[in-house]
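In: Provided below are the primary sequence and the corresponding predicted coordinates.
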Amino acid sequence: MTQIRTRFAPSPTGFIHLGNIRSALYPWAFARANNGVFILRIEDTDVERSSQAAVDVILEGMQWLGLDHDEGPYFQMQRMERYKEVLGQMLEQGLAYKCYMSAEELNALRERQIAAKEKPRYDGTWRPEPGKTLPPVPEGVQPVLRFRNPVGGSVVWDDKVKGRIEISNDELDDLVIARPDGTPTYNFCVVVDDLDMAITHVIRGDDHVNNTPRQINIFRALGKEPPVYAHLPTVLNEQGEKMSKRHGAKKVTDYRDEGFLPEAVVNYLARLGWSHGDDEIFTREQLVAWFDLDHLGKSPGQFDETKLRWVNAQHLKACDDTVLAGLVAEQLAKRGIEVDPADERMARRCALFKDRCATTVELADWLAMYLQDVTPSAEDLATHVTDAVKPALQTLAGKLAGVAWEKGAIQQAIKESIAAHGLKMPQLAIPVRVLVCGRAQTPSIDAVLELFNQKIVLDRLHIV
Ligand code: GLU
């Protein structure tokens, strides 16, 4: 069996968003599912609009999501000599020809065709045919190269998403494959690359369906069979428009900064256009074990941040606490809060709070109280830290000063203090939360307090 080879071929013309990177995830998963090879190719021929910053976000985003490539990154701009070599061969073999039609002539042709209610297309003026006399070559005009598209018949392929597609060759005119300055055009480069890189499966956005028949014809002219194609439906944003930077889509790496886990984003994106039964939450390993091209969705996926947050929350719960501690430490560092890497309580704090959080940013919001001063709101202080409860708080502070710092002893001290003052648990627990944690609601107070430095708790209680 031939080895499966897939590729992701982004154009670095804007910052890559979640919709774009889904087109990396699927070919990656398909290659990994089949012991294949995944190739990264940067399509940077639009020099005006391409940027190194956009390339960096692609590389960083893929690395973050764990979409590792086996070959590349190849850059099309570094392959110009190769494209020119193939152009030369095609010209020599009569698969391409020089066309000297000027832009004005082309415009005039188009206008005549539109006026006659015909589809605008190149009319083959310069296409050599047996027995045909070509017009005299105009002086000082640099020709374009056109591909000699087959006449008659049709191009057919069995798209793994869209099913059988058939396009009549009459719909396709002779494509320009090199500009007057000799630089190759987009569809031609894609074919040469897919051929040279021995791509077996092209999995890409369905905005390329229209290019596919032209690409297939070039493959066949070069004596090769085209790869298998799977054209993925678009990803829509929450407003139902095509996801795009112009419509406010965020960079992939923004999700890292906002506290999403790579496993969760991979899980979410996988589900956005593919399914494995009703499974909503799965690991990267499960995705790789299950991924196939037979269960790709046919309708556009719609991005839903609420669902992404839910998926993230599920992965957060399942995440190893030491790993989470490292991620939360990074979030805290961004706020100028340094965490002692030797403090094993960080992992326990994550374990205690992760059930109530959707992101590591929210987890960092909770854990900050352990590491920097808290400022209870005036309202919470007035409502909960009343004169009636202050004596009980003092009793508790006195008892806590003398206990071994662990949950059981802390709980005991709290129980004794409420008993001594005839209070109910919340009447003491809530003011303790307000003073120590800066908020009125937390998980069980003994478990929360245990993970503080004893001295910090005493200091915060002594404010009363
Ligand atoms: N560079 C193209 C894009 O970013 C992808 C081309 C392809 O996958 O064939 O849309």
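Out: Cool, got the structure. For clarity, every value in this text was computed on a predicted model and none was experimentally measured.

In: how about the nearest residue to the closest residue to the ligand within the stretch 151-300 of the chain, chain neighbours excluded?
Out: Closest contact between the stretch 151-300 of the chain and the ligand, by CB to the nearest ligand atom, is at Arg204 (3.5 Å). C-beta: built from backbone N, CA, C; applies to glycine. Of all residues not flanking Arg204 in the chain, Ser23 sits nearest, at 5.6 Å (CB to CB, 6 or more residues apart in numbering).

In: in contact with that neighbour, which residues?
Out: With contact set as CB atoms under 8 Å, 6 or more residues apart in numbering, Ser23 has these partners: Phe8, Pro10, Ile203, Arg204, Gly205, Leu232.

In: tell me, how many residues neighbour the first one?
Out: This points to Phe8. Phe8: 26 surrounding residues under other CB atoms under 10 Å.

In: would you confirm that it contacts Trp28?
Out: Yes - with contact defined as CB atoms under 8 Å, Phe8 and Trp28 form a contacting pair (7.1 Å).

In: so what sits against both of these two?
Out: Phe38, Leu67, His69.

In: neighbours of the residue of the stretch 151-300 of the chain closest to the ligand, just the number please.
Out: 23.

In: so which residues on this structure come close to the ligand?
Out: Ala9, Pro10, Ser11, Glu43, Val190, Arg204, Gly205, His208 (CB under 6 Å from any ligand atom).

In: could you find the closest non-adjacent residue to the fourth one?
Out: When you say that, I think you mean Glu43. Ser11 (4.6 Å).

In: related to what we said a few turns ago, with distance to Asp365 added, can I get the contacts of Ser23 in JSON lines?
Out: Shown next, in JSON lines, are those (distance: CB to CB, whole Å):
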{"residue": "Phe8", "distance to Asp365": "35"}
{"residue": "Pro10", "distance to Asp365": "34"}
{"residue": "Ile203", "distance to Asp365": "39"}
{"residue": "Arg204", "distance to Asp365": "39"}
{"residue": "Gly205", "distance to Asp365": "37"}
{"residue": "Leu232", "distance to Asp365": "36"}
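
In: on that earlier part again, inside strands: which ones of the shared contacts of Phe8 and Trp28?
Out: Among these, the ones falling in strands (DSSP state E) are Phe38.

In: return the member of the shared contacts of Phe8 and Trp28 nearest to Lys245.
Out: Leu67 (20.1 Å; CB to CB).

In: so, low pLDDT: which residues of the chain?
Out: 464 (pLDDT under 70).

In: for Val228, give me phi and psi.
Out: phi -80, psi 140 (degrees, to the nearest 10).

In: which residue is the nearest non-sequential neighbour of the residue in the stretch 351-464 of the chain positioned nearest to the ligand?
Out: As assessed by CB to the nearest ligand atom, the ligand sits closest to Thr359 within the stretch 351-464 of the chain, at 28.9 Å. What sits nearest to Thr359 in space, not counting adjacent residues and going by CB to CB, 6+ apart, is Gly259, at 3.2 Å.

In: hmm, Leu363 and the one you found touching each other?
Out: Yes - with contacts counted by CB under 8 Å, Gly259 reaches Leu363, the gap being 7.3 Å.

In: does the residue nearest to Arg204 sit in a helix, a strand or a coil?
Out: Per DSSP: H, G, I helix; E, B strand; the rest coil, the local secondary structure of Ser23 is helix.

In: tell me which residues are up against stretch 43-54.
Out: 9-16, 55, 75-77, 183-184, 186, 189-190.

In: can you check stretch 319-338 too?
Out: 259, 261, 263, 316, 339, 341, 346-351, 354, 360-361, 363-364, 367-368, 371-372.

In: from those residues, which land in strands?
Out: Among these, no member lies in strands (by DSSP E).

In: which of those are buried? Put it as a PyMOL command.
Out: The buried residues among those can be selected in PyMOL (16 or more other CB atoms under 10 Å) with this line:
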select buried, resi 259+261+263+316+339+346+347+349+350+351+354+360+361+363+364+367+368+371
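
In: and stretch 307-323, which residues are buried?
Out: Under 16+ other CB under 10 Å, the buried positions of stretch 307-323 are Leu308, Arg309, Val311, Asn312, Ala313, Gln314, His315, Leu316, Cys319, Asp321.

In: so what does the host helix or strand of the third one touch, helix or strand wise?
Out: Using DSSP states H and E, Val311 sits in helix 305-318. The helices and strands touching helix 305-318, judged by 3 or more CB pairs under 8 Å, 6 or more residues apart in numbering; DSSP states H and E, are helix 262-271.
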